[in-house]
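[1] build me a structure from this.
(4 chains)
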Amino acid sequence: MAKKLTIEFSEEQAMMLDTATAFCSEKSPVAKVRALLETDAGFDAEIWSEIAGLGWQGLAIPEEFGGSGLGLAELVPIIEPMGRHLMASPLVPTTLAAQALITAGTAEQKQRWLPLISAGSAIGTLGLNESHGDWDLTNLICEASIADGQIILTGEKYFVADAAVADFILVSVRLDGNPALVLLDRAAIEQGSLTREVIIDETRRCYRFDLTGISVAASCLLDVEKTMASLDLITRASWLLLSAEIAGGIAGVMDVMIEYLTTRKQFGRYIGAYQALKHPMAEILCQYEYSRSQLYYAASIFDTDKEAEIALRMSKAQGSDTFAHAGDRAIQFHGGFGFTYECDAQLYLRRANWCQYQYGDAHHHRRKLADLLL
Amino acid sequence: MAKKLTIEFSEEQAMMLDTATAFCSEKSPVAKVRALLETDAGFDAEIWSEIAGLGWQGLAIPEEFGGSGLGLAELVPIIEPMGRHLMASPLVPTTLAAQALITAGTAEQKQRWLPLISAGSAIGTLGLNESHGDWDLTNLICEASIADGQIILTGEKYFVADAAVADFILVSVRLDGNPALVLLDRAAIEQGSLTREVIIDETRRCYRFDLTGISVAASCLLDVEKTMASLDLITRASWLLLSAEIAGGIAGVMDVMIEYLTTRKQFGRYIGAYQALKHPMAEILCQYEYSRSQLYYAASIFDTDKEAEIALRMSKAQGSDTFAHAGDRAIQFHGGFGFTYECDAQLYLRRANWCQYQYGDAHHHRRKLADLLL
Amino acid sequence: MSESEAELDRFREEVKQWFEKNTPPPPDFILPDSFMEVGTDAQFHYLRDWQQKVYQAGYLGMSWPAEYGGGGKPLMHQNIVDAEMARLKVPFMINTIGLNWAGPLILHSGTEEQKQAYIKKILSAEEIWCQGFSEPDHGSDLGNAQTRAVKDGDEYIINGSKIWTSLGDYAAHMILLARTDPDAKSKHAGLSFFLSPMRSPGIETRPIKKLTGEYGFCQTFFNDARIPADCLIGKEGEGWQVAMTTLAFERGAVGGQAGGQSSIAIEVAEVVELARHVQREGTPAIEDPLVRDQLVQFLMEERSLRLNFARIRVPALTSERPMSIPMSGKLMASEFRRRLCRFAVSLQGSNANLYMGDDDVIDRGRWQRSYFNAFSATIGGGTSQIQKNILGERVLGLPKD
Amino acid sequence: MSESEAELDRFREEVKQWFEKNTPPPPDFILPDSFMEVGTDAQFHYLRDWQQKVYQAGYLGMSWPAEYGGGGKPLMHQNIVDAEMARLKVPFMINTIGLNWAGPLILHSGTEEQKQAYIKKILSAEEIWCQGFSEPDHGSDLGNAQTRAVKDGDEYIINGSKIWTSLGDYAAHMILLARTDPDAKSKHAGLSFFLSPMRSPGIETRPIKKLTGEYGFCQTFFNDARIPADCLIGKEGEGWQVAMTTLAFERGAVGGQAGGQSSIAIEVAEVVELARHVQREGTPAIEDPLVRDQLVQFLMEERSLRLNFARIRVPALTSERPMSIPMSGKLMASEFRRRLCRFAVSLQGSNANLYMGDDDVIDRGRWQRSYFNAFSATIGGGTSQIQKNILGERVLGLPKD
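    Predicted structure coming up:
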């Protein structure tokens, strides 16, 4: 008989969930989401300020740097409703960048950037992916060499979120055969080195980042000794926050589906009365509950070691597959309208694809889980 | 663009299908099937004689041995309706044993047994399986050695169909490191060497056959040079005839389901009106059509080499999974009645399991197909 | 009442030792996985003896009142025993209906006489109880029960039939839902609830053969069967409420059960173990990447089921659709079990075709049997199809069929 | 008429060489997979030029009468050309509605004037045709078309709206199903069929943006649009029969089509190829056993679809349910395509998240697009859910919902 599994969720987290749910629902109606699709930045700077007012950017940053000193798990009840309402913001990349600095930044780097992030005055992001599409963040083609106190970079990073508006970008490179992280502030980012990517999820902004030709002072390097630990933390944090976005996304696409199924008639009946639609909806509901249980369990034990890895991978795998399936069915169940851009189902289907293929799809995680569990 | 796929089916085969369908439907009503469950032999000797009258035993035996000289593919439209009506008979093992003799028997063995088989006067069977449950017929634990013109056997064979009533059994053994087939007639089968197995499909009779202690004249050995070819043919023939039994079985279990769905009411409606049952039935229908198309294509090209292997494995894989799924759903869709022994669905579910795990399950065949196709 | 952790640990150790020492060796026949699957006298006697032994050791009904045969101890003690029993996978307590349904009901709503008469014999398994809710042709629509009970002096005359009576042929008593007033203004209002004897003239049981080939349920026939009027529990016409109370006990939604596990859960770990020791195509099944992927899926699913129940304890995380997890549990758990057992069968190569009773069948054929038996849960208590309708309509608010 | 095998082989070789030499290089934009997916002027012009070129070479409408612009040759020639076009995967013929629906209909039922006016321009793609059957809010229930056509002198006045008009914004003509008699005794009897101009006052098209982000369908609005009365084909009130005839042409159930492929089939072999060249976790995807198993499943399914159509040619093997294969084809093929394309997306690791238009997206993003576009077939022409109802009721004889 396996050990007891409990989900910890404090009063504070419950309040956070309430606040965030109300905030996202009010500030991110779907018309707003669609309007932002057409903009360059993809998010609303005013909302970003309001988020700063709520203290979300600094939630998981130590108090000495102006943050609240809480754990990453506290962000889960915030990211989940953001996912549900497709609210755009650079909160996740900024949070991940902050975590990378906390674990591997030099004292000077932390002192410079963390207070700004906590205050909502700086956007940070990460350049970790490469052309091969591999989810192993230590599989690096991009390289760095050091000469005369300068770091010289080559290669291209993919999927750098919100790079065009970021105040700094942390990029991973191979240095002397090992992974290293380098902090590039706006001044270091060459004109024309960013190319906006065309990505499946139009609510996001991602950029290809050509590092070749960039050279910065050696002080931009993060602590090399701590880089592996930092990459590991970023990976885990990404699984957790993506899982939160996914759970919210499933809830959001279910909202869209239920609305249609209870208002659209065909052959004289509401289409939700047909078992061909009702039963798959019930199945999606069950898988959603699984996803959410896995998510909040992973959040509960985020700080443990092997157990957390298992829980996080399960959460990512369960959620990814459920969201992808729900998104797919959402199109189908809307019939002809589902095939149009106007139908909100497509926003979620695209988001579901995005979430599936970022940081490992379900198939990948199950393979890793097999090695951990069998 | 792949090559053209055609299904050959002659007028004669069409007539055979009609005849066999009528015969099996009349001679094997389910009450008869159930009555035979309780008997030792498991089949009706009278039916066996009638089958002989129709010439089915000799269909694929050369004319010089009293047969019709047709191919194994001609048996497909016979075995299919037998499967549909769960008609019990040792036709398949006898046919396979005859084919083994045709390909690898000595002149004397053929002369002795094939005319008897053609006339319906002898039942033959095969002992090929072993305790490890492996589907590779060359993975042999049973052994034979030759001394003083006698073959001495050791080991145990599993799943020897109809062994208790067989006039001879062909067993596979390892001889000098290679597979060999030995023909054992009734006189050679020791008292007590057969133990009836408890198997999942109660319409069949299978025996464990303990070879240890048996020794027969060296003339009982089949042509060692031709043994591999013979085992290969037996394997392919088994895939084909099992696929035929499977296609019939799917049709049979669909009959049972449709009958219930169109006569049983719940909440005031025939249960077949509910999409929760109707749609899975439609899906089973589609998979059944696939199974049957694969079957008759495999029959069409049975005599070719690599192409036939592909077609046969596809047929077995497609049919096995469909039958297993249909059997499973048949229980479920009958509700409480489906849980009883009295409901005919269980006869088919058990049969479906049997067919899935004989001569390679779908998963096994797909793995082999991957090597052939990718 | 509260004991120190150390005391509880000591007790746990004592329990563990007792069960390690006293659990009987596996018999030479296959045991059932739950009381619903008891099909032979040998199984019955083995399990009844075991329950008696556990009761005599003081490990059953520990929190029930001492005056009726219980232990009079804090519930915590029983919980520790139950956890150890589950952990050690000892055989289950056969008198499940008595321990989890009838007993709690009698303690809650019974008369003093009923408590004196029944409780101790439930614990000792001297008297086995069965359940008479479902009827042929009415599926799981309990409210539609048609079995009639007509009062005649100090007796009720019962006519009708109940189906899926587990242990019906071994039981001394049945908890029986019958219709006392066919003209009541609502169909629920016409029902009454009885603690009926099973060995009375006019009551006959006919065993039902299951698709596994075993027996394990009965159909029970009442032909002018006369039972004493004081068998009634609750008032006449209150049968529906009493039944709902009983079901609440059964679900563990309220306390009051005698404890002791009532079925053997199948864990994915056992299938993993099977995959380690069976060969597929010459290598252990567990080395096959597709088998590994499937096993991981099952492990995830098993954990999801458990985590759902961990999450219900956090109202903030279930507030939007509070009934979603409780109402989907049966569907998900039963379908999970069916698929898991079917998969376990599939690991066995051609030996998957051996069956219970064969000398060489793997694990005594338990996987083949459990696959077949799994349908009792995907069908009984409302089929999976009905469960999905319920979830769609009552949880998601979709329109009715 | 009958030519020797040698002559046909020579012709086949000639065709092969012509297409190898004349097929234009792939453009620097992504091509659509069928006429329903044409969404940009660049795509349109590329494909129209291509059809013109094929027609001018004499490889289109080869069996249509020479007096209207056809080739006047045996059908066998066109079949050979079609097979070569498919084999070489050359771009499809854009005027699909003209070639497969309108053209055959006009040749079959049109007046001499109509034949003279339309046929040649269909073949040369000078005039593109579109189809006006479906209407908003009436799904695929063609018989329920509500667009009105009222005769007024030598004109009809059209009011209403059609949806899913592929190429509506490029088309010169529409085959239009409209209601001339709302009071007819059956809803079918009130319909008439028109060869309507598209560039008339009162006819407007509004492009519909698809979930792919592309355009490719229109909604067509008729506001007191006047079309000449001789646009009518068949008699007034015979529109339903004419529509059914047209659909029979479209399905290829009867001969008469101009030939030339009308869409690019996606073959599993292409996904196998993709699996060979994309990396997953550092190794080619095709080495992953789960990927291999999936690919085999798709190969089996693809073959099953084709074998079903081989089997319909053997009546003895389809006699029990003759409509089973024909009526399940659309369901099975469209769902197959959806799953296959989704799987092709899944092979690409994090690059699966790049999309059409990105410089680095694999295969120009065709898999991502084809997955999204696949829903047009699982939804259009009756959703998969409706198809299953039809199969259940009309083929299996199950009761109606």
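[2] can you tell me, leaving aside adjacent residues, what's nearest to the residue of chain C positioned farthest from its centre?
    Ranking residues of chain C by C-alpha distance from their mean position (CA atoms, centre = their mean) puts residue C:282 at the top, at 39.7 Å. Of all residues not flanking residue C:282 in the chain, residue B:134 sits nearest, at 5.8 Å (CB to CB, 6 or more residues apart in numbering or on different chains). C-beta here means a position set from N, CA and C on the backbone, and glycine is covered the same way.
[3] again with residue C:226
    Once flanking residues are discounted, residue C:226 sits nearest to residue C:155: 4.6 Å by CB to CB, 6+ apart.
[4] repeat for residue A:348
    Computed as CB to CB, 6+ apart, the closest residue to residue A:348 that is not its neighbour in sequence is residue A:253, at 3.8 Å.
[5] the one you found: what's it in contact with?
    Shown here is residue A:253, whose contacts under the criterion CB atoms under 8 Å, 6 or more residues apart in numbering or on different chains are A:323, A:326-327, A:330, A:345, A:348-349, A:352.
[6] and residue A:38, how many neighbours?
    For residue A:38, the tally of surrounding residues (other CB atoms under 10 Å in any protein chain shown) stands at 8.
[7] is chain D contacted by the lowest-mean-pLDDT helix or strand in chain A?
    Lowest mean confidence among the helices and strands of chain A (mean pLDDT, DSSP states H and E): strand A:265-266, at a mean of 87. Yes. Using CB under 8 Å from any CB of the partner chain, strand A:265-266 reaches chain D at residue A:266.
[8] pairing partners for that strand, with directions?
    Paired with strand A:265-266 in the same sheet, following DSSP bridges, are strand A:269-270 (antiparallel).
[9] give the rounded mean pLDDT of the strand it pairs with.
    The average pLDDT within strand A:269-270 is 92.
[10] I'd like the next helix or strand past that strand.
    Moving toward the C-terminus from strand A:269-270, the first helix or strand encountered (DSSP states H and E) is helix A:275-300.
[11] and whatever helix or strand comes next after that next one, what does it pack onto?
    Downstream of helix A:275-300, the next assigned helix or strand under DSSP H and E is helix A:306-333. For helix A:306-333, the elements it packs on are helix A:227-261, helix A:275-300, helix A:335-338, helix A:345-357, helix A:362-373, helix C:289-311, helix D:366-379, judged by 3 or more CB pairs under 8 Å, 6 or more residues apart in numbering or on different chains; DSSP states H and E.
[12] turn these into TSV, columns for distance to residue C:381.
    Conversion of the helices and strands packed on helix A:306-333 to TSV gives the following (distance: least, CB to CB, whole Å):
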stretch	distance to residue C:381
helix A:227-261	26
helix A:275-300	16
helix A:335-338	35
helix A:345-357	34
helix A:362-373	32
helix C:289-311	17
helix D:366-379	35
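[13] next, residue A:127: phi, psi?
    Listed backbone geometry of residue A:127 is phi -120, psi 100, with angles given as degrees, to the nearest 10.
[14] so which helix or strand takes in the spatially closest residue to it that is not a sequence neighbour?
    Closest residue to residue A:127 apart from its sequence neighbours, by CB to CB, 6+ apart: residue A:157 at 3.4 Å. In the assignment (DSSP H and E), residue A:157 maps to strand A:156-161.
[15] distance between that strand and the chain's centre?
    Here strand A:156-161 shows a centroid-to-chain-centroid distance of 14 Å under the convention CA atoms, centre = their mean, to the nearest Å.
[16] and if you look at stretch C:383-396?
    Averaged C-alpha coordinates place stretch C:383-396 at 22 Å from its chain's average position (CA atoms, centre = their mean).
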